[in-house]
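A.B. asks: sequence and predicted model, in that order:
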Amino acid sequence: MSNTFKIFLVLIGLALIVPFVPGLIYPVFVMKVMCYGLFACAFNLLLGFTGLVSFAHAAFLGSAGYVTGALMIRFGNHPLGMPAAFAAGVAAAALVGFAIGGLAIRRRGIYFAMITLALSQIIYFLAVQFRWTGGEDGLQGIPRGSLFGLDLSSDTVMYYVTLALFAAGFLFVDRVVHSPFGQILQAVRDNEARATSLGYDTDRFKLLAFVISAAVAGYAGAMKALVFQLVSLNDVSLHTSTEVVLMTLLGGVGTIFGPLLGAGLVVGLQNYLATIGDLVTVVIGLIFIVCVSFFRRGIVGEFLHLRRRRAERGKTRPVLTATRAEAPAVEAA
């Protein structure tokens, strides 16, 4: 059993008892962390393991939320309404990702990022204009429906369903990263020219990674729409796209648990410092500056780096000790 899976089991075990200690931590807060944590994992799959900076991830989060919410409002009472609406939301995000990625993937660096930004603003404009999205009011009062006979209107039931969905999404991302496909993505990130020389169609792999990342972001968006029974323009705004960048950088780019920690920090600060109003943005900005200045690999990234250095020092010390012990014997001979 890998260390990653052990840590994951510990986190899931702690999450299972949250509804029994509402005085210590609110289940709704944990559900929000799970939604944004999975959203950050989706972004990290693209930035940390493929080397692509996208400002379109809010479009995927929001488009899935709008589709899921609109279908739930219309078909939420049907026994299969929730699974169908959820799947439709994820599929919509994947299609939007394919459209945006197909146009942007042939560009590099800042040009790629700017194209994703421009196309995401088109999605924002459409969300304002379409009637079925609710315009500036968004979709409110989205019914949660039921899943396999479970009434999701109960916050406790919804919490455990959200936890199960989060666990499935996180394990999927972890599997993608550690699969042969994920190794190819990391090769493209490290040296695209070399990957091309080995015969890989790098544009095709990057597009597939973009679509998978969009689908996982949509997965998080559909979860969020059901948990909070609300989808707003903020879900497709540039602010949300930059916020997920902040979460990933704080936690650690290219790490498995970094985005979860980053999401927990940002959501926690927004939640517990809400009384100071807009100043919470200043606090988050200052924390980001400190992390960029002193923890350039992110919190989890720096921890893994220090542990790796200590392990390397531990390996070199016995060698040095053996060399010093052998030196007198050589001199005597």
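C.D. replies: Thanks, I have it. Numbering: from 1, shown residues only.
A.B. asks: hey, where'd the helices end up in the stretch 151-300 of the chain?
C.D. replies: Here the stretch 151-300 of the chain has its helices, by DSSP state H, counting those that start in this stretch, at 155-178, 180-190, 192-197, 202-228, 238-251, 258-272, 279-294, 299-332.
A.B. asks: who's in contact with L119?
C.D. replies: 56, 59, 99-100, 103-104 (CB atoms under 8 Å, 6 or more residues apart in numbering). C-beta: built from backbone N, CA, C; applies to glycine.
A.B. asks: downstream of the helix or strand hosting it, the next helix or strand is which one?
C.D. replies: Assigned by DSSP states H and E, L119 falls within helix 109-129. With elements assigned by DSSP H and E, the helix or strand that comes after helix 109-129 is strand 139-140.
A.B. asks: now do E192 against T202, distance only.
C.D. replies: E192 sits 5 Å away from T202, going by CB to CB, to the nearest Å.
A.B. asks: what does I115 give?
C.D. replies: Relative to T202, I115 is positioned 17 Å away (CB to CB).
A.B. asks: tell me what angle the helix holding L119 forms with helix 238-251.
C.D. replies: Angle, helix 109-129 to helix 238-251, by axes from the mean of the first three to the mean of the last three CA atoms, to 10 degrees: 130 degrees.
A.B. asks: can you tell me the closest non-neighbouring residue to F86?
C.D. replies: Excluding its sequence neighbours, the residue lying closest to F86 (CB to CB, 6 or more residues apart in numbering) is A222, at 4.9 Å.
A.B. asks: actually G138, sorry about that
C.D. replies: Leaving out its chain neighbours, G138 is closest to S232 (CB to CB, 6+ apart), at 3.8 Å.
A.B. asks: what's the distance between the one you found and R175?
C.D. replies: From S232 to R175 the distance is 32 Å (CB to CB).
A.B. asks: between these two, who's got more neighbours?
C.D. replies: S232 (19 against 11; other CB atoms under 10 Å).
A.B. asks: give me the phi and psi for the residue nearest to G138.
C.D. replies: phi -130, psi 170 (degrees, to the nearest 10).
A.B. asks: again, but for G76
C.D. replies: Main-chain dihedrals, G76, degrees, to the nearest 10: phi -60, psi -30.
A.B. asks: ok, it to Y111 distance?
C.D. replies: Distance of G76 to Y111, given as CB to CB: 42 Å.
A.B. asks: settle it for me: which of the two has more neighbours?
C.D. replies: A count of neighbours by other CB under 10 Å puts G76 above the other of G76 and Y111, at 18 against 11.
A.B. asks: tell me the contacts of the more buried one?
C.D. replies: Contact analysis of G76 by CB under 8 Å, 6+ apart lists 82, 85, 142-145.
A.B. asks: distance of it relative to M82?
C.D. replies: In this view, G76 and M82 are 7 Å apart by CB to CB.
A.B. asks: give me the common contacts of these two.
C.D. replies: Taking CB under 8 Å, 6+ apart as the contact criterion, the common neighbours of G76 and M82 are 144-145.
A.B. asks: nearest spatial neighbour of R189, chain-adjacent residues omitted?
C.D. replies: G51 (3.5 Å).
A.B. asks: one step back: can you tell me which of the helices of the stretch 151-300 of the chain is packed in deepest?
C.D. replies: helix 202-228 (a mean of 25; mean count of other CB atoms under 10 Å).
A.B. asks: returning to that earlier point: now list the buried members of the contacts of L119.
C.D. replies: The neighbour-count test (16 or more other CB atoms under 10 Å) marks 56, 59, 99-100, 104 as buried among the contacts of L119.
A.B. asks: can I get the residues you listed in JSON lines with pLDDT?
C.D. replies: Output for the buried ones among the contacts of L119, formatted as JSON lines (pLDDT from 0 to 100):
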{"residue": "A56", "pLDDT": "92"}
{"residue": "A59", "pLDDT": "95"}
{"residue": "A99", "pLDDT": "95"}
{"residue": "I100", "pLDDT": "95"}
{"residue": "A104", "pLDDT": "91"}
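A.B. asks: which pair in these spans the largest distance?
C.D. replies: Greatest spatial distance among those (CB to CB): A59 and A104, at 11.9 Å.
A.B. asks: ok, back up a step: measure the residue nearest to G138 to R310 for me?
C.D. replies: From S232 across to R310, the span is 46 Å (CB to CB).
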